[in-house]
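Participant: fold the following, please.
(chains A and B)
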Number of protein chains: 2
Amino acid sequence: MAVSFARRMEVVKASEIREILKITQRPGVISFAGGLPAPELFPVAEMDEASHLVLAEQGPTALQYSTTEGHPPLREKIAQRMDAKWGTRLSASEILVTVGSQQGLDLVAKLFLDEDDVVLCESPTYLGAISAFNVFRPRWVEVATDGEGMDPIALDRALAANPRAKLIYVVPNFQNPTGRTWSLARRKALMEIATRHAVPVLEDNPYGELRFEGESLPAIQSFDTEGLVLSVGTFSKVFCPGLRIGWVAAPRRYLDRLVILKQGADLHTPTLGQMQLDRYMELHDLDANVGRIRAVYRDRRDAMARALEREMPAGVTFSRPAGGLFLWVELPDALDARELLKRCLAREVAFVPGGAFFPNGGHENTLRLNFSNMPIERIEEGVRRLAASVRDLLAEGPVPEREAAVATP
Amino acid sequence: MAVSFARRMEVVKASEIREILKITQRPGVISFAGGLPAPELFPVAEMDEASHLVLAEQGPTALQYSTTEGHPPLREKIAQRMDAKWGTRLSASEILVTVGSQQGLDLVAKLFLDEDDVVLCESPTYLGAISAFNVFRPRWVEVATDGEGMDPIALDRALAANPRAKLIYVVPNFQNPTGRTWSLARRKALMEIATRHAVPVLEDNPYGELRFEGESLPAIQSFDTEGLVLSVGTFSKVFCPGLRIGWVAAPRRYLDRLVILKQGADLHTPTLGQMQLDRYMELHDLDANVGRIRAVYRDRRDAMARALEREMPAGVTFSRPAGGLFLWVELPDALDARELLKRCLAREVAFVPGGAFFPNGGHENTLRLNFSNMPIERIEEGVRRLAASVRDLLAEGPVPEREAAVATP
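Facilitator: Now for the predicted structure:
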């Protein structure tokens, strides 16, 4: 029977990562595909304690409906943490607690995007943002991006060329998928340009606290004088993702509207989870937990970088991020990472082809590797299998369909 | 600075209930305004036990990311419960676990609604559905509804007259706001008409298990032979709302797309909460808990109905629902429930004016009363204050702006 869906469903497709992750759930597979934290570092006993105290002391409140904005003491702690770590000057009334930062992306897209509005983003950008925003059918303009962040001249030109620019979306710290971090100069330049064009900025910072070396840089939001920046954050990477607690931090003219949209979307973030997290943070030092995570992930990044250096044939380059969860690999132009993935799955190793992270397509010779979720021996073994697959693919020569691409390297 | 929002923000407004609830959070106020379950009935100790067992036995899994579809054993239990209670024949693969049933409304709206598409609904209908759907800018066609449900002839005509009809939204059991329940004949008639017009039906059933007398009727979904019905349900009213766990039950052609939309919206429903609920249901008899809730709410409904009968002046009518959380009151046509609310707030008693539940406006002489959240003495005292305010308003005579309405009763 012919039932018609909304037109947006033409562009809303199953995520490539989602499909790959399904394949990789077999126990033998070494998966660099997901973006999962290391579960052995989750503070399970501490959560059990916090959970018991919340239920014993405030059980009926913890199980009842609560305000859409979020649990007030948790909003307060989020504002204070952001100010201390990122140089912002936020009040609790500028924080909306969301079901992960992913929900923040959905709500911000709802707030700003009509069909054919333009979103400017890094190239490549976070796949989850592409999924969340595409529901509202924007056009994507990828701004030239290098190891320091977006190119300011390219951004300025793109804004001038696109009167329907509604939002600039950036992940300035240890970006997913490339792992790269914006310089201080580029952060300030973005804020100056966005202010001149009066275009709001959405700053996504899930990984910022997972810095392995060097000093943290202030958030773009800290340079905002005109109330143009909204940011999203999450406890998924510094605490645990299973609670699904993130937030939007934004001036009230945005936040008040986001609260209304959130109410229509799910009424509020689960009360019990918010109170468990808040209680945990009162009982324990979350920063100490972050320190443990950083140490483990740093070793894993080092192990993966060493293995890539040792195993990969010439012509393969990769990033060495100063934090976060991901490494970015570029194959010789003639190679297609989707073809590589087929060969890798036969060897029981998986990753995400990088093309998925470019909203306008292309860049099929790239791939994203996760290093946070796997002990070092498995990382080393996985990279050996990956490199063997790359060598196989190189030996086969360019695939016929891609010869044109090979001609212009 | 002039920042432009999406056009949808013109119709996305702060909910009236939300604003009233803020006023009523003062301790002295007797509030019939919310739709809150009785917190003294929440199984707090049992949740503490379930929570401890989940964390002790499966802690890292409970705190990790999980599948978008939901915790598999919980999906299984939901399908089995629905089949047992509502005559459906669902498999776990047709269940998507959501952040409350409110999220189901948002996702279904995303799946079906383009701007100016038509949603057919009861008159009045659930305010939260109006909020969720309005984000996608549909037109609302209110179908004539009586104590048995939607008028089948009116529905058939409305479908014939609206080629852009995309969805029929109904709450067949103890509806919010009126408390009314559809007859068996009307359920079958709706399914026959929807099938003939090939228009999907969204059946919202948050209150069905809270039946105080009589026998449960099968879900409209149980009569679906063509895969046209999606339903949403929730544990908020039979267990507790603070976990925010609901579901969509739908044929795979819808469910698979809803899963993609859910992934873009928040990745997945919190893992820990799903596992806590699942464990609770393994350890305890949820139906026994529902029985306790039913007994308490039945007494409260009786107390409210008796008090209204005793206290209200002539010309005021009200429903006596066979279940659920709400009673519906109609004042004489000349009276405006928003005016009444002002006088009631001065007496520290609150309710929701009924006009908010009519997506196309009107019906300002109606109001919704909640009876689930208040001990009987408070219900009786609140109704006394409410009735006194009605008498005051009657004594003042019709308000000038509404004289036209008074002339045509």
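Participant: helix or strand: which one has the residue nearest to the spatial centre of chain A?
Facilitator: Chain A has A:N176 as the residue nearest its centroid, 4.8 Å off, counting by C-alpha atoms, centre = their mean. Assigned by DSSP states H and E, A:N176 belongs to no helix or strand.
Participant: residues contacting it?
Facilitator: By C-beta atoms under 8 Å, 6 or more residues apart in numbering or on different chains, A:N176 lies in contact with A:G35, A:Y126, A:L127, A:P206, A:Y207, A:G324, A:L325, A:F326, A:R368. Using the backbone N, CA and C atoms, a C-beta is placed for each residue, glycine as well.
Participant: got the residues of the stretch 201-350 of chain A near chain B?
Facilitator: A:226-228, A:236, A:240-244, A:253, A:257, A:260-261, A:263-273, A:276 (C-beta under 8 Å from any C-beta of the partner chain).
Participant: ChimeraX command to pick out the buried ones of those?
Facilitator: To isolate the buried ones among these in ChimeraX, judged by 16 or more other C-beta atoms under 10 Å in any protein chain shown, type:
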select /A:228,236,240,241,242,243,244,257,260,261,263,264,265,266,267,268,269,270,271,272,273,276
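Participant: and the longest helix along chain A, what does it pack onto?
Facilitator: Identified as the longest helix of chain A according to DSSP state H is helix A:286-311. Helix A:286-311 sits against strand A:326-330, helix A:376-396, with contacts defined as 3 or more C-beta pairs under 8 Å, 6 or more residues apart in numbering or on different chains; DSSP states H and E.
Participant: still on that earlier bit, among the residues of the stretch 201-350 of chain A next to chain B, which ones are in helices?
Facilitator: Going by DSSP H, the helices hold A:R253, A:R257, A:I260, A:L261, A:Q263, A:G264, A:A265, A:D266, A:T271, A:L272, A:G273, A:Q276 from those.
Participant: among the residues you listed, which one sits closest to B:Y65?
Facilitator: Checking those against B:Y65 by C-beta to C-beta gives A:G273 as the nearest, at 14.3 Å.
Participant: and for that closest one, nearest residue in space, chain neighbours not counted?
Facilitator: Nearest non-adjacent residue to A:G273, counting by C-beta to C-beta, 6 or more residues apart in numbering or on different chains: A:L243, 4.5 Å away.
Participant: check contacts around the one you found.
Facilitator: For A:L243, the contact set (C-beta under 8 Å, 6+ apart) comprises A:F235, A:G273, A:Q276, A:L277, B:L63, B:P270, B:T271, B:L272.
Participant: is it true that A:L210 touches A:K237?
Facilitator: Yes. Contact criterion C-beta atoms under 8 Å: A:L210 and A:K237 qualify, at 6.1 Å.
Participant: any common contacting residues for the two?
Facilitator: A:I293, A:L325.
Participant: chain A - how does it break down into domains?
Facilitator: The record's domain parsing of chain A by automatic domain parsing lists A:12-42+A:288-394, A:67-267.
Participant: lowest mean pLDDT across the ones you listed, which one is that?
Facilitator: Note on the domains of chain A: domain A:12-42+A:288-394 shows the lowest mean pLDDT, a mean of 93.
Participant: ends of that domain, how far apart?
Facilitator: End-to-end distance for domain A:12-42+A:288-394, by C-alpha to C-alpha, to the nearest Å: 34 Å.
Participant: centre of the chain versus it, how much separation?
Facilitator: 15 Å (C-alpha atoms, centre = their mean, to the nearest Å).
Participant: about what we covered before: in helices, which of the contacts of A:N176 fall?
Facilitator: Per DSSP H, the contacts of A:N176 map to helices at A:L127.
Participant: so can I have CSV of the contacts of A:N176 showing neighbour count and distance to A:L107?
Facilitator: Formatted as CSV, those follow (neighbours: other C-beta atoms under 10 Å in any protein chain shown; distance: C-beta to C-beta, whole Å):
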residue, neighbour count, distance to A:L107
A:G35, 25, 21
A:Y126, 23, 16
A:L127, 21, 18
A:P206, 28, 16
A:Y207, 27, 21
A:G324, 30, 24
A:L325, 27, 24
A:F326, 23, 25
A:R368, 27, 26
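Participant: what about A:V119, which SS state?
Facilitator: Look at A:V119: counting by DSSP: H, G, I helix; E, B strand; the rest coil, its state is strand.
Participant: mind listing what it touches?
Facilitator: Taking C-beta under 8 Å, 6+ apart, one finds A:L113, A:F133, A:P138, A:R139, A:W140, A:V141, A:A165, A:K166, A:L167, A:I168, A:Y169 in contact with A:V119.
Participant: out of the helices and strands packed on helix A:286-311, indicate the one that is most buried.
Facilitator: Comparing those on average neighbours per residue, with mean count of other C-beta atoms under 10 Å in any protein chain shown, the densest one is strand A:326-330 at a mean of 22.
Participant: could I get that one in CSV with only the CA atoms?
Facilitator: The C-alpha coordinates for strand A:326-330 follow below in CSV (Å, rounded to 0.1, in the frame of the first residue of the first chain):
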residue,chain,number,x,y,z
PHE,A,326,40.5,9.2,16.5
LEU,A,327,43.4,9.0,14.0
TRP,A,328,42.9,10.0,10.3
VAL,A,329,44.6,8.1,7.5
GLU,A,330,45.1,9.1,3.9
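Participant: for that strand, which outside residues touch it?
Facilitator: For strand A:326-330, using C-beta under 8 Å, 6+ apart, the contacting residues are A:35, A:174, A:176-180, A:301, A:304-305, A:308, A:316-321, A:354, A:365-371.
Participant: got it, and stretch A:185-197?
Facilitator: By C-beta under 8 Å, 6+ apart, the list of residues contacting stretch A:185-197 reads A:148-150, A:152, A:155-156, A:159-160, A:165, A:168, A:170, A:172, A:182, A:200-201, A:217-220, A:223-226, A:228-229.
Participant: let's see that with 7 Å instead.
Facilitator: Here stretch A:185-197 makes contact (C-beta atoms under 7 Å, 6 or more residues apart in numbering or on different chains) with A:148-150, A:152, A:155-156, A:159, A:168, A:170, A:172, A:201, A:217, A:220, A:223-224, A:226, A:228.
Participant: again with stretch A:51-63
Facilitator: A:271-272, A:275-276, A:279, B:39-40, B:42, B:44, B:47-48, B:51-52, B:55, B:240, B:242.
Participant: what mean pLDDT does it have?
Facilitator: Throughout stretch A:51-63, pLDDT has a mean value of 97.
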